[in-house]
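Q: just coords:
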Ligand code: SAM
Ligand code: SF4
């Protein structure tokens, strides 16, 4: 029997795609291997958000070149955001990655996952893999994932849309993943129902702009959600909330876009049983001029209003964000505004990135990547110092408090999990608590972690 190994890079969406790929490969008769050496099919599920992410894949491919010397039948596949055209090394029209990746055998657009079997046969016609007709799947979402990226059955990522229509000027996603398309409501509900039957207590809904579910140009043109009274995303959250009777306790979602943070959605977050006091809401910059150049389509004032509504309706809600420093033309004053805004909003966590130019984006075509690497680095450190301060003071509020922790990993007595506010909590337990939600008293709140003991 043939074996596969998948290496995943990037966001939760890629991890969810990997689960779909695993289910598909297992249906084809492949078995999983824990390391690439000796595997028949090695797949790199890639991210192209920043150059660094791509460079890592190039490095790994060189290693695969070495492995191929002792295992010449190994097929190396690249999928995910780096690929534009599904093709094999023998296809008449090939993805441009083949010109820079000597070790590559197959390039696969993730949405065309059912083509993988045909591409494998294109290279090796003798490969014994069953036929799964491509046209039997309307979309790759219909492949039921294996949900293996978490240590227990208690948690799962559920993809609800793919692609993006927002076209932020710095971002490659609308080109790599294509235009936004939402998954059918019934399909999502069926998937979650099955998960809950198998013991799932926490679901994280994922999409590039998860809260624009059902609102994309495609969804509107096709009137796919026109029959719903409420906004499609709010309707979905309400439907999922009904599973709380069957055991679902927590629903998270990532990443929402500020433009689609409606009052209806804030109200739902404040009232639904499965919702938690945490939101990751990427702002990208604290300066209106930068936001305009980024094509973020909201102002700092509008963002502030959303946060104050959230804080009013959900007291104690923890807010985290994404920030890019050193975007094209970012002046010292613009960056200072981001620092001030960060302080004012009291973000408790943030993914701070230094701008990395991506070929094909509007910024790469029409703007100058004119902030030097050393300035980008300095700005990153300044913001990160502030983040450490914010994070520590947010954590100190939990001193001696009891929080409910979903245990995500357990190694002997050592347990790690997430509280309602999405804080990482570390504690010890003499009994098996993996996949359970347990009360933990916080005894030592630190910068990035809360240390506690079972209450
Ligand atoms: N859709 C989400 C949103 O609108 O905020 C974010 C998804 S994006 C895949 C994840 C994060 O990567 C972004 O929020 C942004 O901070 C960062 N990012 C995207 N393109 C980047 C670039 N060219 N350079 C640096 N960071 C980038
Ligand atoms: Fe990229 Fe902007 Fe779409 Fe987020 S909203 S995926 S940053 S284009």
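A: Thanks, I have the structure now. Small disclaimer: the values here were computed from a predicted structure and weren't measured. Ligands and ions are numbered 1, 2, ... in the order given.

Q: pretty sure residue 304 sits against residue 345.
A: Yes: the pair residue 304 / residue 345 is scored as a contact, 7.5 Å apart, by Cβ atoms under 8 Å. Glycine gets a C-beta too; all of them are placed from N, C-alpha and C.

Q: more neighbours: which of those two?
A: residue 345 (21 against 15; other Cβ atoms under 10 Å).

Q: enumerate every residue touching whatever residue of the stretch 351-455 of the chain ends up closest to ligand 2.
A: Using Cβ to the nearest ligand atom, the closest approach of the stretch 351-455 of the chain to ligand 2 is made by residue 361 at 8.8 Å. Residues in contact with residue 361 (Cβ atoms under 8 Å, 6 or more residues apart in numbering) are 169, 170, 171, 172, 175.

Q: what does residue 384 give?
A: Residues counted as contacts of residue 384 (Cβ under 8 Å, 6+ apart) are residue 352.

Q: tell me if it really is in a helix.
A: Yes: checked against DSSP: H, G, I helix; E, B strand; the rest coil, residue 384 lies within a helix.

Q: for residue 190, give me the backbone phi and psi.
A: Main-chain dihedrals, residue 190, degrees, to the nearest 10: phi -60, psi -40.

Q: give me the neighbour count for it.
A: Neighbours around residue 190, by other Cβ under 10 Å: 12.

Q: do a quick rundown of the strands in the stretch 51-200 of the chain.
A: 75-80, 87-88, 106-108, 155-159, 161-162, 181-182 (DSSP state E, counting those that start in this stretch).

Q: CSV please, covering those and showing mean pLDDT, distance to residue 354 and mean neighbour count.
A: Shown next, in CSV, are these (pLDDT from 0 to 100; distance: least, Cβ to Cβ, whole Å; neighbours: other Cβ atoms under 10 Å):
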stretch, mean pLDDT, distance to residue 354, mean neighbour count
strand 75-80, 96, 22, 24
strand 87-88, 96, 33, 23
strand 106-108, 97, 28, 25
strand 155-159, 95, 27, 23
strand 161-162, 94, 27, 26
strand 181-182, 94, 31, 23
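
Q: so which of those strands comes closest to ligand 1?
A: strand 161-162 (10.8 Å).

Q: residues in contact with that closest one?
A: 13, 111, 141, 177-178, 180-183, 207-210, 212-213, 216.

Q: about what we covered before: which stretch among the strands of the stretch 51-200 of the chain comes nearest residue 250?
A: Of all those, it is strand 155-159 that lies closest to residue 250, at 8.5 Å by Cβ to Cβ.

Q: pull the residues that contact the closest one.
A: Contacts for strand 155-159 (Cβ under 8 Å, 6+ apart): 12-13, 15-17, 19, 141, 147, 149-150, 183, 188, 191-192, 195, 200-207, 406, 408, 435.

Q: one more pass at 6 Å, please.
A: For strand 155-159, contacts defined as Cβ atoms under 6 Å, 6 or more residues apart in numbering pick out 12, 16, 147, 191, 195, 200, 202, 203, 204, 205, 206.

Q: who touches stretch 447-455?
A: By Cβ under 6 Å, 6+ apart, stretch 447-455 touches 388, 391-392, 395, 398, 402, 423-427, 429, 439-444.

Q: any idea which helix or strand carries the nearest residue to residue 398 once chain neighbours are set aside?
A: Using Cβ to Cβ, 6 or more residues apart in numbering and skipping residues adjacent in sequence, the residue nearest residue 398 is residue 442, 4.4 Å away. In the assignment (DSSP states H and E), residue 442 maps to strand 437-445.

Q: mind listing the strands that strand pairs with, and their directions?
A: Strand 437-445 has the following strand partners under DSSP bridges: strand 402-411 (antiparallel), strand 450-454 (antiparallel).

Q: from the chain's centre, how far out does the last one sit?
A: In this case it means strand 450-454. 27 Å (Cα atoms, centre = their mean, to the nearest Å).

Q: out of the contacts of stretch 447-455, which end up buried?
A: 391, 395, 398, 423, 424, 425, 426, 427, 429, 440, 442 (16 or more other Cβ atoms under 10 Å).

Q: ok so, going back, for the strand holding residue 442, what is the average pLDDT?
A: Taken as a whole, strand 437-445 has a mean pLDDT of 98.

Q: again with stretch 215-235
A: Mean predicted lDDT for stretch 215-235 stands at 95.

Q: do that stretch and ligand 1 meet?
A: No: Stretch 215-235 lies out of reach of ligand 1 by Cβ under 6 Å from any ligand atom, never closer than 13.1 Å.

Q: picking that back up, restrict the contacts of strand 161-162 to contacts with ligand 2.
A: By Cβ under 6 Å from any ligand atom, the members of these lying near ligand 2 are 208, 209.

Q: in helices, which of the contacts of strand 161-162 fall?
A: Using DSSP state H, the members of those that fall within helices are residue 13.

Q: confidence-wise, which of the contacts of strand 161-162 comes last?
A: residue 141 (86).

Q: so who does whatever residue of the stretch 1-150 of the chain ends up closest to ligand 2 touch?
A: Among the residues of the stretch 1-150 of the chain, residue 49 lies closest to ligand 2, at 8.3 Å counting by Cβ to the nearest ligand atom. If a contact means Cβ under 6 Å, 6+ apart, then residue 49 has no contacts.
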